[in-house]
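Q: Build me a model from this:
(one chain, ligands or ions: 1)
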Amino acid sequence: MSRKLLNINCLPAVMFALSIGVVGCGNQATSTSFTQSTTRVNYNLPQVVATTSILCDLTKQIARNTVNLTCLIPPDADPHLYQPKPEDRTALEQANLILYNGYNLEPGLIKLIKATKSNASKIAVAPIAVPQPQKFRQSGNIVTDPHIWHNPKNAIRMVEVISRNLVKLEPSNAETYNSNQIKINAELTQLDSWIKSRIASIPTDKRTLVTPHNALSYYTKAYGLSLVGSVEGISTNKRPTDTQVKNLAKKIQQTKVPTIFPETAINSNIIQSVAAAATVKVAERTLYTDGLGDVGTDGETYQNMMAANTRTIVEGLGGTYLIFQPKASK
Ligand SMILES: [Zn+2]
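A: Model (predicted):
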């Protein structure tokens, strides 16, 4: 079935498995009916394309069924390494609005988006939402951390950017978009407070995070966790050397980190070898770092994904997990 036959449409989990297992994260899906939409085709609706599952879900929560939404990066695919497919090109050529993360999160698609001749508005959401991103030194270079959504306050700004561009695209739906934006943002504000309260339940000397790739620095900064190190850097395109693994293991032992965390779709051998070298536990649950969880997982929407990650971290570091139950806004 063509992707164009669905109003809200994400590609199925077809791709991926990179040879060497440094495959990053990434996941796709959205709330409720994303991949199983039965909505009838309405070719009169504007065509919106979003690159990542995060952007897709937020766009879907704002736009509901007012657009034909096509999501490009499938579940379990890594945006850092994602190679566009011919259908992606077609979707981009037919789009009226293209939303992408930017800050080089999805370099393959960004290149294609820039090369695509179309009248569509091409919006790099992250640089508009967070114009002063976190930066890191990596192999002698300063790199921008593109994973801005791991702080719900940044997600609130992303929602504002998406909503504003949807209003430009379909001014007649402005009221719906604005009211959905207000509802979502009220929930994200509650999510932020809930994460704060759960992280506060972790003993102070255990608030330390080690992950395979460096994707959670916006989270650790927002919630006062220290990031001891990651096995890889910001991107996932380099396999760590034995020396890097050894150095990280040493750091872990020095800081007495109780648990280290795997990520969805990242080869768990890497984190397992660090754990073995440092003799620490690997968390049973995995973190959603570069996208949402697949349909049916506990990371299916942006809000659920953030709550699931917090659960993983809180349980792994000896805090108390309580279910996130946002109060509905009036
Ligand atoms: Zn990443």
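Q: Kindly provide the distance from N65 to P326.
A: The gap separating N65 from P326 is 23 Å, by C-beta to C-beta, to the nearest Å. In this view, the C-beta of every residue, glycine as well, is placed from N, C-alpha and C.
Q: Show me what from the chain comes close to the ion.
A: Neighbours of the ion within the chain, by C-beta under 5 Å from the ion: A215, D290.
Q: Where does the prediction get shaky in the chain?
A: Counting by pLDDT under 70, the chain has low-confidence residues at 1-43, 232-239, 265-268, 329-330.
Q: give me that answer again for 50
A: In the predicted model, the chain carries pLDDT under 50 at residues 1-41.
Q: Break down it into its helices, ranges please.
A: Using DSSP state H, the helices of the chain run over 53-63, 86-94, 107-115, 125-129, 152-169, 174-199, 217-223, 242-255, 268-278, 302-316.
Q: and the first one, what does it pack onto?
A: Contact here means 3 or more C-beta pairs under 8 Å, 6 or more residues apart in numbering; DSSP states H and E; on that basis helix 53-63 packs against strand 8-10, strand 47-50, strand 68-71, strand 97-100, helix 152-169, helix 174-199, helix 302-316.
Q: domains of the chain?
A: Partitioning the chain according to automatic domain parsing yields domains covering residues 5-194, 201-316.
Q: Tell me which residue in the stretch 101-250 of the chain sits closest to the ion.
A: Per C-beta to the ion, A215 is where the stretch 101-250 of the chain lies closest to the ion, at 4.3 Å.
Q: so what's that residue closest to, chain neighbours aside?
A: Nearest in space to A215, with sequence neighbours left out and distances taken as C-beta to C-beta, 6 or more residues apart in numbering, is T289 at 3.9 Å.
Q: same check, this time on T279
A: Nearest to T279 is Q253, by C-beta to C-beta, 6+ apart, at 7.5 Å.
Q: if I pick the residue lying closest to K153 once chain neighbours are set aside, what's in contact with it?
A: What sits nearest to K153 in space, not counting adjacent residues and going by C-beta to C-beta, 6+ apart, is D192, at 6.1 Å. D192 makes contact with N151, P152, K153, A222, according to C-beta atoms under 8 Å, 6 or more residues apart in numbering.
Q: Can you tell me how far D192 is from A186?
A: If you measure D192 against A186 using C-beta to C-beta, the figure is 11 Å.
Q: Name whatever forms a beta bridge with the nearest residue to K168 once chain neighbours are set aside.
A: Residue nearest to K168 in three dimensions, not counting chain neighbours: S121, with 7.1 Å by C-beta to C-beta, 6+ apart. Taking DSSP bridges as the rule, S121 bridges to L97.
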